[in-house]
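**Student:** Here's a sequence, model it:
(chains A and B)
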Amino acid sequence: MSYNPSEIEKKWQKIWAESGAFEPSDNQNMPKKYILSMFPFPSGRLHMGHVRNYAIGDAMARYYRKQNYNVLHPIGWDAFGMPAENAAIKHGKHPKEWTYSNIAYMRGELNSLGLSFSKDREFATCDELYTKWEQEFIIKMFNEGLLYRESTTVNWCEDCHTVLANEQVEDGCCWRCDNPVTLKEMEGYYIDILKYANELLEDLELLRGKWPNQVLAMQENWIGKSQGLEFEFKLTDSSIDRLNREFKGFKVFTTRPDTIYGVTYTALAPEHPIVKALIKNELLDIDTIKAIEKISNMSEVERAKAGKEGYNLGIKVIHPLTKEEIPVWVANFVLISYGGGAVMSVPAHDERDFEFAKEYDLPIKYLISGYEEGLPYTGDGELINSYEFSNIPNQEAKRAIIELFEKEKLGKSTINYKLRNWGVSRQRYWGAPIPLVHCKSCGLVAEKLENLPITLPEDVVISGEGNPLENHPTWKECLCPKCGAKAIRETDTLDTFVQSSWYQFRYATNPKKWKEVGIDKSDVEYWLGVDQYIGGIEHAILHLLYARFFTKALRDLGFIDDLKEPFDRLLTQGMVLMNGAKMSKSKGNTVDPDKLISKYGADTARLFILFASPPQKELEWNDSAVEGAFRFLKRLYDRKSKVTTKSIPTINHSSLSKEEKFARVKVYEALEKSINVYEKTFAFNTLIASCMEALNGLDRQKNSLVWSEGLYIILHLLEPITPHICSELSEELFSSSNLKGKIEIIDEVFIQDTITLAVAVNGKRRGEIEINSNASKDEIISNAKSRVEKWLRDKSIIKEIVVPNKLVNIVVKG
RNA sequence: GCGGAUGUGGUGAAAUUGGUAUACACGCUAGACUUAGGAUCUAGUGCUUCACGGCGUGGAGGUUCGAGUCCUCUCAUCCGCACCA
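**Tutor:** Numbers count the residues shown, from 1 in each chain, chains lettered A, B, ... in the order given. Predicted coordinates:
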């Protein structure tokens, strides 16, 4: 009978499903491995990126199960989010129904790939039980001041009709729909991730060597720590009067205190309170007000593209050291979200300040030697024109000037981060409700824990206009958990990245406890950190930063015991390409996993994906290479008639022929390679190639014992990659569908009677010799010399080098 | 601009500590079997040369008996961030 993947695969999937073979043991004395692939959003269908992600994770999980580890390999659904609402608007289907029916379909797809996920631990983040515990965490965060409400400038996506966190703005556009993001003043909820900025930065060191450098670098840049000086510019008396005595000055932050004597103007962001006051009180002329308002309405990207623009505000501050009066401008390049929205401007030594000064003809004062007249100089040098700091190297002056400010109580050494607090409110329906209540007398109050979960109403109209929870006739009406008076429920829902920030702990929690507890501390202690996390690079900042933060925050809130990092090792898989471009529906270059499986079977799909490229690299799709993978499996299946023993046979190696010995060498080379691949490099492509070589080697000989041993080992090595065919064949041939434990490597196999050595003259390969493996060095050299005699003629030999088992190099001159 | 990565046949890619460059696969060429072949099997396949040979891991140097691998410089491509003061 020839290879029939659909029959074999159905059979084994049924056996696995019925036996519960992939449920982890409750025995926490066993050595464990937690293998986690990032969970999918239930969009409706799996794509090749998913297949790749899960093929990699599954190979690892199956490998460790074979090595008798207790393996946790769970799957679930990142189920809240905009697309469910968009589908509701488009097709009139309720988001809940849409989501759960997608999950049902995709669960079937995962199953048809033969993935060894734990079924008992599967959940969707929109399950009310999941929401319940998440809301408890949020309440705890609120009580501890880690979650707060604030009115500030936010990123707004008009298309999604919601606020976005800073991390969710890519190139000035919404990460999900690519619509340009605008800035808007709005109330919302924030999680104080900045409180953990330094820990998030420093703990990256714990991940060095275990996470890709690229991801570590991206996180480091995103956190963006910088050390500098913060001080206040005091307004002149007349300026204070002009501002109706509402302000006395404003704070600025600088990383270049060494250039303090070169300040020739200061600049405020258009959203700065002083600017707002000037506008409100109509203290600027009408054209200027209009121009500033125009800038305010622009996104950061638009402002950057527009070039430098600003207006003199007609007020002045006093230089803290020289006491000179310095003009205050409003400028489009000053960001309200960083350093208080105000800067000291040193055009001589800052490119942006320089550009602005040129535009408005402001003075430029050079302070650091090495500059070129007419250009900004940002390099190092000795200070000039800097009073007592002149002639000092500027890096030294930085420290000295900060000391001076601190001594004179003018300012202080400060650390600033680029990272912003995490805005988690979304003005949408399909998300976890924020469990807070607005009470007229008590203010903002947390729900009682016994009232959790606060669930979504089912009877909503989803039109795309406004927030469906806000528009619901009765849902938001509630009683104040504190005073019992009538109150209003919060109608914002949580960012979906909140759900994916703690799912790794939920999986680890024994499902028998899911109703009683959100996260079980001892289960987490046993299973975490995740030994291997696998996912796309697109989450390098977003999800991975949030999940790292949540781990630290949940620890400090007492929900988990000491744990610094959730994911010990991270593998970022490469994209799946077709004709050099990322597979996408809009480009029409996708391959449908379902069709692939029905044509060739899951084993072929998995084999091709792992063979075509190492997991970290991009994978170029190639239909005929898929055929090749299928051919290999067919060939493997056809060779089953060669096996004559029911278990791994004992072989008298020395009695074998050359071809038989060669076959065994290839088989054992593959076995040797497998450990390194499964545990360290994940270069499954090279392991598969070794198995192919082994099969090719076996094909060149006829010894049935060598065949039996060879196929036993190959099936063993490939089982994590192509589990169905390997289970089928090993059941049929070796009465064991469950290849467990280690196979001992037989050193004898690698010992050869004769060895082939390359012979080189001056490092250039000129031929090879076959020689008895215990030949002396002199024998080898004389043998080698006669082989390359032609190249030695009329030359004098300077040196003879023998590299054992590799080559002979003869160095000549003349 | 800053940061991270990658450059090897026609293609996807291999190559412990520096030690026979191109394993394995795709494609291609020729042949066998076949009514047929997009099935299967066999042989060949880096470039160049009639040949001996020469040249070959983006480029240029260097270290070494020996460099894809180590060092210096350089070019190209990709990715991320980007007025963060």
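
**Student:** what residues does the stretch 251-400 of chain A put near RNA strand B?
**Tutor:** Contacts of the stretch 251-400 of chain A with RNA strand B, taken as Cβ under 7 Å from any atom of the strand, map to A:253-256, A:269, A:300, A:303-304, A:306-308, A:332-335, A:337-339, A:341, A:343-344, A:350, A:352, A:355. Every residue, glycine included, has its C-beta placed from N, CA and C.

**Student:** which of those are buried?
**Tutor:** A:253-254, A:256, A:269, A:300, A:303, A:308, A:332-334, A:337-339, A:341, A:343-344, A:350, A:352 (16 or more other Cβ atoms under 10 Å).

**Student:** Which residues are in contact with the residue nearest the centre of chain A?
**Tutor:** The residue lying closest to the centre of chain A (Cα atoms, centre = their mean) is residue A:540, at 2.9 Å. Contacts for residue A:540 (Cβ atoms under 8 Å, 6 or more residues apart in numbering) come out as A:214-215, A:218-219, A:572.

**Student:** Mark which of the residues you listed are part of helices, please.
**Tutor:** A:214-215, A:218-219 (DSSP state H).

**Student:** what's the closest of those to residue A:113?
**Tutor:** Within the ones in helices among the contacts of residue A:540, distances to residue A:113 taken as Cβ to Cβ reach their minimum at residue A:215, with 26.6 Å.

**Student:** since we're on the closest one, how many residues are nearby?
**Tutor:** For residue A:215, the neighbour count with other Cβ atoms under 10 Å is 19.

**Student:** Excluding sequence neighbours, find me the nearest residue to it.
**Tutor:** residue A:540 (4.5 Å; Cβ to Cβ, 6 or more residues apart in numbering).

**Student:** Okay, the residue nearest to the centre of chain A and residue A:347: tell me how far apart.
**Tutor:** 36 Å (Cβ to Cβ, to the nearest Å).

**Student:** just residue A:175 next, same as before
**Tutor:** With Cβ to Cβ as the criterion, residue A:175 and residue A:347 are 36 Å apart.

**Student:** Same question for residue A:142.
**Tutor:** In terms of Cβ to Cβ, residue A:142 sits 45 Å off from residue A:347.

**Student:** Of those two, give the one with the bigger neighbour count.
**Tutor:** With neighbours defined as other Cβ under 10 Å, residue A:142 and residue A:347 compare such that residue A:347 has more, 24 against 21.

**Student:** So the more buried one versus residue A:267, what's the distance?
**Tutor:** Per Cβ to Cβ, residue A:347 is found 11 Å from residue A:267.

**Student:** do residue A:518 as well
**Tutor:** 48 Å.

**Student:** Ok, residue A:196 next?
**Tutor:** In terms of Cβ to Cβ, residue A:196 sits 31 Å off from residue A:267.

**Student:** And the helix or strand of chain A with the lowest mean pLDDT, what's buried?
**Tutor:** The helix or strand of chain A with the poorest confidence is helix A:789-792; it has a mean of 80 (mean pLDDT, DSSP states H and E). Of all the residues in helix A:789-792, those buried under the rule 16+ other Cβ under 10 Å are A:791-792.

**Student:** Show me the contact partners of that helix.
**Tutor:** Contacts of helix A:789-792 (Cβ under 8 Å, 6+ apart): A:761, A:766, A:785, A:810, A:812.

**Student:** Compare those and tell me which is most surrounded.
**Tutor:** The residue in the contacts of helix A:789-792 with the most neighbours, by other Cβ under 10 Å, is residue A:810 (23 neighbours).

**Student:** Wait, that residue touches residue A:758, no?
**Tutor:** No - with contact defined as Cβ atoms under 8 Å, residue A:810 does not count as touching residue A:758 (11.5 Å).

**Student:** In the stretch 551-700 of chain A, what residue comes closest to RNA strand B?
**Tutor:** For the stretch 551-700 of chain A, the residue closest to RNA strand B is residue A:628, as judged by Cβ to the nearest atom of the strand, at 2.7 Å.

**Student:** Can you tell me which helices and strands the helix or strand containing that residue packs against?
**Tutor:** Using DSSP states H and E, residue A:628 sits in helix A:623-638. Using 3 or more Cβ pairs under 8 Å, 6 or more residues apart in numbering; DSSP states H and E, the elements in contact with helix A:623-638 are helix A:593-600, helix A:602-611, helix A:684-699, helix A:704-718, helix A:723-734.
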